[in-house]
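Peer 1: output the structure for:
(3 chains)
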Amino acid sequence: MTGYVTRRLGQAVVVLWAAYTVTFVVLYLLPSDPVEIMLAGGQGGEQSTVDPAQVAALRHEYGLDEPLPVQYVHALWRTLHLDFGRSIQNGAPVTSLIGDALPQTAVLAASALAVALVLGVGIAFLSTWVRRSWVRTLLLALPPLGVSLPTFWVGLLLVQVFSFRIPVFPALGNQGFATLVLPSVTLAVPVSASIAQVLARGLRTALAEPYVETARAKGASRARVHLRHAFRNATIPALTIVGVIVGNLLAGAVVVETVFSRVGIGRLTVTAVNGQDIPLVQGLVLLAAAVFVATNLVVDLLYPVVDPRIRVVGVPRRPRAVTRTLVGSAS
Amino acid sequence: MSDALLSVRDLRISYGFREVVHGVSFDVHPGEVVAVVGESGSGKSTTAHAVVGLLSGAGRVDSGSVLFEGDELVGLGERAWRSVRGARIGLVPQDPTLSLNPVQRIGEQVAEVVRIHGLAKGAAARRRAVELLTAAGLPDAAVRAEQYPTELSGGMRQRVLLAIGLAAGPRLLVADEPTSALDVTVQRQVLDHLESLTRDTGTAVLFITHDLAVAADRASRVVVMSQGEVVEVGTARQVLTAPEHAYTQSLLAAAPSLHSARIRAVPRERTAPPAPRSPGPLVQVRSLVKEFPLPGRGNVQTAVSDVSFDVGRGETVGLVGESGSGKTTTARLVLGLERPTSGQVLVDGVETTGLRGAAWRDLRRRAQLVYQNPYASLDPRIAVGETIAEPLRAFGIGDRASRRKKAASLLDQVRLPADALERRPAELSGGQRQRVAIARALALEPELVVCDEPVSALDVSVQAQILELLVQLQADHGLSYLFISHDLAVIRQISDTVGVMRRGELVEFAPARDVFAHPQHEYTVELLEAIPGRRALEVVE
Amino acid sequence: MSTGVSRGAPEDVLDVLDIGERYREAARGPAQPRRGLPTWARRPDLLLAGAVVLMVLAWAAFPTLFTSQSPVDGVPADRLQGPSAAHLFGTDHLGRDLFSRVVHGARLTLQATVLAVLIGLVVGTLTGLVSGFVRGVVDDVLMRTMDVLLSIPALLLSMALITALGFGTVKVAIAVGIGTVANFARVMRSEVLKVSSAVYVEAARASGVRTTGVLFRHVLPNAAGPVLSLSALEFGVAVLAVSALSFLGFGAPPPAPEWGSLVAGGRDYLATSWWLTTLPGVVVAAVVLSANRIARALERGTA
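Peer 2: Have a look, this model is predicted:
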């Protein structure tokens, strides 16, 4: 068991390091000259007058005047100390910018997740529980619809209806609970659809398994069959998408926070990309990767608890082979 | 219907718009074992499921009646069914690997029945579960009760299912092919246990099986079903000795375990004089060892351990053994599909182990393979004609037209109609697919054909046809066969020489007649005794 | 019923792990293709989905066939009019016909989408093919790289790429395309592995077919189905991603119409002119839903 845990921890660290390397390659090597991008800033790099002295200073500050491997090692070393440098736009440390925005996004993501769980589990469960076939068809049509709707559009529709037509909730801001409702629902739509899709499929598969027939032959009630036997088995494949869901929540926050003019990681990302604020973008992408990796680590450690087969055999299958698109993406 | 426990009358069942059971009637009396025998598609399993009210999906009972202890079960509501299932009628399902909930402990799954029917609660239910497991013949039941299904072997799982089926003390137990997925020796133990348990409690058994021999062994009365109808009902003795219906007769004729004769080819004139043969056996296997690495440092599993034997020209060597005996691995080593850890395989006196590249491909012209599962061994996208011609194409033999002609002639040899050339595997039945696979194996005119369980996925009547075909082809082409099977009865029908394998070792290798008449190794004796139908035959003789 | 396949107990399977896996899988048998009516006739919703996709592709190819009005020049007097016979989708704050802008917007949006899917398809399937067929260290390195790409949410990965590449339709397409590479690679690899371990592939090898023959005659044709299905799915996902990035302002600069920026443009008139955000969004949703429907049909047809 300890071997399993250390192996998973090691893998997590390696993925994080590799993710760092990818962002380094993309952000510092891909552009012909990152410093010019930083100075030109905004709107796809319209050229403005660039002061050569300023360029040299900046180049020195980011260590870009050094050979590549040295740059990489230095940057990695700083990152290990949680130092992502300073924002190009306003000079504030990237860490503190992210730290300030994170709680708002965490609250949004948590409430969206709660809504999504209720909706997703509810839809999945009802779609196998209800006997009327038209209700089933209707319920099963919801998840594909949910992953197909553009998040930004859903947000704007909700604002149109619930802020302007029937003014119940405020259209923007992050003051208090009322401003959280529409953004959470918006963000929850694609996420709940993913949960419902995977869980409904899991339930259908489980209910067709011979052990369900065994349970029914024992004289078990429908509720017992669904809850005791099918549901537990159906959650195992559903666990595989937890990491994807958390990633979707972060990506969705980018759009949702823009739509509802909320302060948070998502809005920060949009501003950073708009200003081509390379250090800030790198910090934000790494944050997302770290969250994803941490979530999957937790899931991996949960597997043996949920699925005794893994505990027994001791060779965990790699269950994470679910593609991102299978469960939709929150764009 | 006076004293019948279960009385099925004119039962009609359909799936969607297709009726699959056309008016079936039979009785089960208290304490009696009744076997329902039939091939796939006969409706036997559907009938059994209707008796426990568990028709799957779109299945429904159209008309007829199922009376159980005087109560009508057809049309019973879900709630009412709950007090019947488990408590009054128990079920032992078909597949021991999938029929237990993988994430629940064994004991809990047995205790659940007791709990549902209010027979015991809490710790008492758990204790009862252990008692039931012990009674079902599960060793160390108290320990096993805390384990999960994956930790148990197939035979143990089937005992757990037996315990579940009997947990609430039903008057009738429906056993749906309860042992078909198990090795013969295990099958025998489980069935013995089922028999003694139900006899002690006076439980009646409705026993569903495809195997007439098993039915005859275990049941007092046999119901023979074919294509959704009951064609014959009688005592086991009567059905075995004086079958009235033509279908029962053909089933009886096909059942391998009820016959001891080797299948002989129809003598016919050879199209070509037999090729001059070099002396000596075609294949010599010498001290073959194969180890597979296991997860964990330095662990290996020995699949084949010091196996040596010869395959003579024009001869059939049958290798028999249960799961894990290493017989399939041996076959793959002979073909060069696996590399041995040590030892040699000589074909025509030339060593073939460790061949690579062109030399390995050349071996393919001499030794071919027919797989167990004809559903998997044919590419679903490629037409039959092309599949058969593929080996010719691979070796650049002939042009397109001549390859096609050859494929057509091969189809004819395996007795498939010429229009099958254009069909895809999905349009053929299992037996037809296996014929296609045989035709492909013959395309390169090999000297040796390895048949790996070629008939075990097929119905008995189809099995018999394929075996006859193989024997005829052998006579026509002078082929040598290495024939792998778990079924000693099948081996007896086709082999000249028999090898018995257990846990990677060849424990006995002798002419077929000797193996069956005077088995030397105790394991061979055990296997022979486990062949179903012996009891029935003894009664007959 | 079903005594057919499971009965014979794939015997030797349990002794050797790898072979066992193969047989157990094989024992289940391939799906039987259904016969009778062609798929499209039994599924009117699928027909509709196909029609939607064909229509927007036609918009992109020949926009002037569908609308005679200019997408960029407006009539100020007609500003902010609701949907009517003259203006099917209404007009915006400059008096431009919204339907015309949506039709012309199909070109930029779908160009980016198709380019993105092509990038993912070509790079991804090649990676997956090499990975699955060569195996060993190559496989490990390629697949760990894909794992890393998957560890960054697709939209954020695209945004990082946009930071480096700059704004514009083509750059958005590249950014989205790179985000889909990992999915294609994984599906292709798993298909190649699955097919390569199928009994019929070993049967072909055992009948003397060479590696390349096995690859082109058996592995690729059998792996193509799921990849095709994924392409349809990714088409929908890419439409969403391209629109989202365009909504955030990273796409073509105004006044060029893109579906995402059209929705964004209507934000300031939410309270008064509902059609400006609603109708372009409906088009996006319809296209994505259709692509998903087609993907599911392909998946079923070839699985």
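
Peer 1: for the stretch 301-450 of chain B, which segments count as helices?
Peer 2: B:327-335, B:357-366, B:384-394, B:400-413, B:430-442 (DSSP state H, counting those that start in this stretch).

Peer 1: out of these, which one sits most buried?
Peer 2: helix B:327-335 (a mean of 26; mean count of other C-beta atoms under 10 Å in any protein chain shown). C-betas here are computed from N, CA, C, even on glycine.

Peer 1: and that helix, what does it pack onto?
Peer 2: In terms of contacts (3 or more C-beta pairs under 8 Å, 6 or more residues apart in numbering or on different chains; DSSP states H and E), helix B:327-335 is packed against strand B:283-293, strand B:300-311, strand B:316-320, strand B:367-370, strand B:448-452, strand B:480-485, helix C:17-27.

Peer 1: identify whichever of those lies nearest to chain A.
Peer 2: Chain A lies closest, by C-beta to the nearest C-beta, to one member of the helices and strands packed on helix B:327-335: helix C:17-27, at 9.9 Å.

Peer 1: any idea of the mean pLDDT in the closest one?
Peer 2: Regarding helix C:17-27, the rounded mean pLDDT is 30.

Peer 1: quick revisit: turn the helices of the stretch 301-450 of chain B into JSON lines, columns for mean pLDDT.
Peer 2: Listed next are the helices of the stretch 301-450 of chain B as JSON lines, based on pLDDT from 0 to 100:
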{"stretch": "helix B:327-335", "mean pLDDT": "92"}
{"stretch": "helix B:357-366", "mean pLDDT": "86"}
{"stretch": "helix B:384-394", "mean pLDDT": "93"}
{"stretch": "helix B:400-413", "mean pLDDT": "92"}
{"stretch": "helix B:430-442", "mean pLDDT": "93"}
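
Peer 1: tabulate those helices (a markdown table), appending distance to A:W129.
Peer 2: A markdown table is the format used below for the helices of the stretch 301-450 of chain B (distance: least, C-beta to C-beta, whole Å):
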| stretch | distance to A:W129 |
| --- | --- |
| helix B:327-335 | 44 |
| helix B:357-366 | 55 |
| helix B:384-394 | 45 |
| helix B:400-413 | 51 |
| helix B:430-442 | 37 |
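
Peer 1: and these: which comes nearest C:L262?
Peer 2: helix B:384-394 (52.0 Å; C-beta to C-beta).

Peer 1: can you work out which other helices and strands pack against that closest one?
Peer 2: Packed next to helix B:384-394, using 3+ C-beta pairs under 8 Å, 6+ apart, are helix B:400-413, helix B:430-442.

Peer 1: outside of that helix, which residues touch it?
Peer 2: When contacts are defined by C-beta atoms under 8 Å, 6 or more residues apart in numbering or on different chains, helix B:384-394 is touched by residues B:364, B:368, B:378-379, B:382, B:398, B:403-404, B:406-408, B:410-411, B:416, B:420-425, B:428, B:436, B:439-440, B:443-444, C:204, C:207-210, C:213, C:217.

Peer 1: what's the longest helix in the chain?
Peer 2: Since no chain was named, I'll use chain A. helix A:94-129 (DSSP state H).

Peer 1: let's do chain C instead
Peer 2: Max-length helix for chain C by DSSP H is helix C:98-134.

Peer 1: so which of the helices of the stretch 301-450 of chain B comes closest to A:R136?
Peer 2: Using C-beta to C-beta, the nearest of the helices of the stretch 301-450 of chain B to A:R136 is helix B:430-442, at 34.2 Å.

Peer 1: just to revisit the earlier point, so which bits of the longest helix of chain C are buried?
Peer 2: Under the neighbour-count criterion of 16 or more other C-beta atoms under 10 Å in any protein chain shown, helix C:98-134 has C:98-117, C:119-121, C:123-125, C:127-133 buried.

Peer 1: which stretches in the stretch 1-150 of chain B count as strands?
Peer 2: Taking DSSP state E, counting those that start in this stretch to define them, one finds strands in the stretch 1-150 of chain B at B:6-15, B:18-28, B:33-37, B:59-68, B:71-72, B:89-92.

Peer 1: deepest in the core, which of those strands is it.
Peer 2: strand B:89-92 (a mean of 28).

Peer 1: and the helices of the stretch 301-450 of chain B: which comes nearest B:R128?
Peer 2: Nearest of these to B:R128, taken as C-beta to C-beta: helix B:327-335 at 41.6 Å.

Peer 1: give me the angle between the closest one and strand B:448-452.
Peer 2: Counting by axes from the mean of the first three to the mean of the last three C-alpha atoms, to 10 degrees, helix B:327-335 lies at 160 degrees to strand B:448-452.

Peer 1: the residue nearest the centre of chain C in helix, strand or coil?
Peer 2: Nearest to the geometric centre of chain C sits C:E234, at 1.9 Å (C-alpha atoms, centre = their mean). For C:E234, the assignment made with DSSP: H, G, I helix; E, B strand; the rest coil gives helix.

Peer 1: I'd guess C:F89 is in a strand, am I close?
Peer 2: No: using three-state DSSP, the secondary structure at C:F89 is coil, not a strand.

Peer 1: many thanks, have a good one.
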